[in-house]
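# okay, structure incoming, though there's no sequence with it:
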C-alpha cells in the first residue's frame, strides 16, 4: 500500500512544475497570453510537449483557473497526464512575509498513466529536466528554510490513475480518486487533516485519513479497504512463485496513533477479513482454498514488541501437501529458483537483520484472546515410495483461548481420518519456556492398517491386508526431561504377501513379531516408553520411538519362551521330538513346524537352524533314515514359502547323553 500511495504522489508531483509555471506566467502575462505561451514553449519549460485550453487569472484575488491541460509522453504523441479543471487561490500579500498561503486548490478530472520499467518511471525524465543542474551540495543542504507553507481546502475529485509495471506485466487502475485535505501546513504549528478515497479498477474502494498536530507531534492515520480483489497481487507474487491466479477478496480497517518523535511507540489496531480465496498454480491445479479468515488485532506496539490479538477465526481451509520422488514438494514446486539479484537482496536483508538482532530488545509479548479454526481439510501425499500414499485429514478443528508467550496455554485439536478413524490432541504448555513444562496427550482411534500399507511396503516389503490400529501417546517435558508413554492397540493385524521387486528399507521380523504378539483373540497390545533430554543436540523423538519399537520387535520375535507359551510349558528352547521308528512327521510335529514357518516367511533377516540330535544307533535303523527326515523337512519348509536362505538343516554327531531324539531349533536374526 505504501508503494501505491507513493505512485499517486509521483503522479501529482509530475505536473507540479507545470502548475507553478502557469501561476507565475499568468501573474505576468495574463490568461490568454499564458495559454499561447505554454502551448508554444511547454517543452522548454518542462521538457515535454503540453497544451492547455484556457487560463483564467484574477490578480486582485490571486485566483488562477486552468482548464484542459494535457502533457504528452517523451515521444510527443502519447498522452501522459492531464486534467479537466484546476482552480487555485493564493494570497499574494502573504508572499511578502515569506509565507505561501493557498486558500483553496481544486483539481478535477485528473488522469495519468504511470509506467515503471525497471527502476525508472515514464515521468523520471521530466523530473530530471525540472531539477536541472542542481548540485549534490544543494540537494543535501540541510539549512532550515524560513518560508512556511499553508494550504487549505485541497480537493482532488473524480480523478483516475493507471499504474503499469512492465517487467511484471501488471496493471493497476484507480478510478474516482477523491482527496480532501482541509488544512496542510509545513513550517508552522497548526493542525493538518487529510482524507483520500479511491475506487479501484478491479472493484473495491480505498479510503485513507490522517490528522497531524504540528505543535505536539501527535498523529493518527486511518485506513479502510473494501472488496479488494486479491488477484491484483498476482504480478508481485509470480516473480517468486508459479502461481497463476489468486482469487478472493480482502476487507481491512486499520489505524495508527502516536507521536512523530516516537514513531516506534505508535499503537496499531486492525481488523481484516479475507473471503473466497483460491490459489491456482501454473498447471491449473488448486493448491489451496479458504472460505473465510477473520483477524482482530487490538494493539501492536513495535517499540515494546507487544502484539495483542483479539481473535483469529478461520473457516473452510482446503489444502494439500505432496512429496515427490525428485525430492521436491508442493511448496518447492510453487517457488521459483532465486536469481543473483534475489540472493543479493537476501544477503543484504540478512545483514540488516543481524544488525537489528544485535541491539537489545524487550521480550516478545504475544497474546491471542481466542483461536477458532474449523472446517479444515488437509491432504498429505507421499509419492517417494513404491506405492503412492494419499492420506486426507478432514473436518479439523483447533480451539484455544488466552494464548500467551509468557504463561501457561491450552489448546484442543480434533480431526477425522479415513475409514471413520478419529484424532484428538490436547496440549498444555509454556511457549517461551517450552523446555520447562509441556504436556501433550494424543489419541488416535480406529485407523485401518490397510491405509498405511504404502509405508509398510516401503519399509518392510509387505502390505497390511487387515487390522485396526489405535494409539495413545502421553508426553510430558519437565526441566528438559522427556517422559513419554505410548500405548499401541492393534486388532487382528494381518500382513499380505511379500512384494517382489521391492527392497525394504528396514530388516525387522515384523511378521514373526506380530505372530508372537497376538493373543488368542488376535489383539496386539504394546507399551512403548520414550525418555530423553531435549537439550541433547542429537535428540529426535521419532528416532527414539522407532529404536524402542524395533528393539521390542526383535526381542519378541526371537524369544523362544514367548513362542512356546501355548505349545510347551515353560520351555527354554525350541525342540521337535522325533521317534526313532518314525518314517515321517506326525501332525503334532508338522503343526509346530508350520507355526515356525509362518513366523519367518518373507522375513529375510530371520533364519531357522534345525539340528537333528540322535543317540548312537543300537538297532538295525539304516543310516539314510536321518537324511530322509532332513529332506522331508526341507521340502515341507519350501512348500510353506520359507526361502532356502532362511533355514539350515544338519545332523549332529550321535550322543549317548541325548535325553530325547529330535530337532533342536534356533531362531536367529542375520543381516
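Right, received. Where do you want to start? Everything numeric in this text was worked out from a predicted model, so none of it was measured.
# use CA for all of it now, contacts and neighbours both
OK.
# which residues of the stretch 101-250 of the chain fall in strands?
In the stretch 101-250 of the chain, the strands defined using DSSP state E, counting those that start in this stretch lie at 111-117, 120-121, 148-165, 170-186, 191-200, 205-213, 218-229, 243-259.
# okay, domains of this structure per the record?
With domains defined by automatic domain parsing, the chain comprises 1-133+146-215, 226-247+266-347+362-406, 410-557, 574-669.
# quick one: average pLDDT of the last one?
Here domain 574-669 scores 81 as its mean pLDDT.
# for it, what is the distance to the chain centroid?
How far domain 574-669 lies from its chain's middle: 60 Å, per Cα atoms, centre = their mean, to the nearest Å.
# low-confidence regions, the stretch 51-200 of the chain specifically.
Low-confidence segments of the stretch 51-200 of the chain (pLDDT under 70): 95-97, 131-149, 168-170, 183-191.
# just to revisit the earlier point, now distance to residue 253 and mean neighbour count too, for the domains of the chain, in CSV please.
As requested, those are arranged in CSV below (distance: least, Cα to Cα, whole Å; neighbours: other Cα atoms under 10 Å):
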stretch, distance to residue 253, mean neighbour count
domain 1-133+146-215, 9, 17
domain 226-247+266-347+362-406, 5, 17
domain 410-557, 29, 17
domain 574-669, 64, 16
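# one step back: now for the strands of the stretch 101-250 of the chain, which one comes closest to residue 90?
Closest to residue 90 of the strands of the stretch 101-250 of the chain is strand 148-165 (Cα to Cα; 9.1 Å).
# which other helices and strands does that closest one contact?
The contact analysis (3 or more Cα pairs under 8 Å, 6 or more residues apart in numbering; DSSP states H and E) places strand 148-165 against strand 99-108, strand 111-117, strand 170-186.
# in TSV, list the strands of the stretch 101-250 of the chain along with distance to residue 593.
As requested, those are exported to TSV (distance: least, Cα to Cα, whole Å):
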stretch	distance to residue 593
strand 111-117	82
strand 120-121	85
strand 148-165	79
strand 170-186	76
strand 191-200	81
strand 205-213	81
strand 218-229	72
strand 243-259	62
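# closest one to residue 83 among those?
With Cα to Cα as the yardstick, what comes closest out of these is strand 111-117 (6.1 Å).
# now for the closest one, which elements pack on it?
Applying 3+ Cα pairs under 8 Å, 6+ apart, one finds that strand 111-117 contacts helix 2-14, strand 79-90, strand 148-165.
# which pLDDT does the model give the residue lying closest to residue 218 once chain neighbours are set aside?
Computed as Cα to Cα, 6 or more residues apart in numbering, the closest residue to residue 218 that is not its neighbour in sequence is residue 259, at 4.3 Å. On pLDDT, residue 259 comes in at 90.
# before we move on, what about residue 223?
On the pLDDT scale, residue 223 gets 91.
# tell me the SS of residue 428?
Following DSSP: H, G, I helix; E, B strand; the rest coil, residue 428 is assigned to strand.
# that one touches residue 434, doesn't it?
No: counting by Cα atoms under 8 Å, residue 434 is not a contact partner of residue 428; they are 10.2 Å apart.
# helices of the protein, start to end?
Here the chain has its helices, by DSSP state H, at 2-14, 16-29, 31-46, 124-131, 136-139, 330-334, 340-357, 453-460, 510-517, 541-557, 560-563, 587-600, 624-639.
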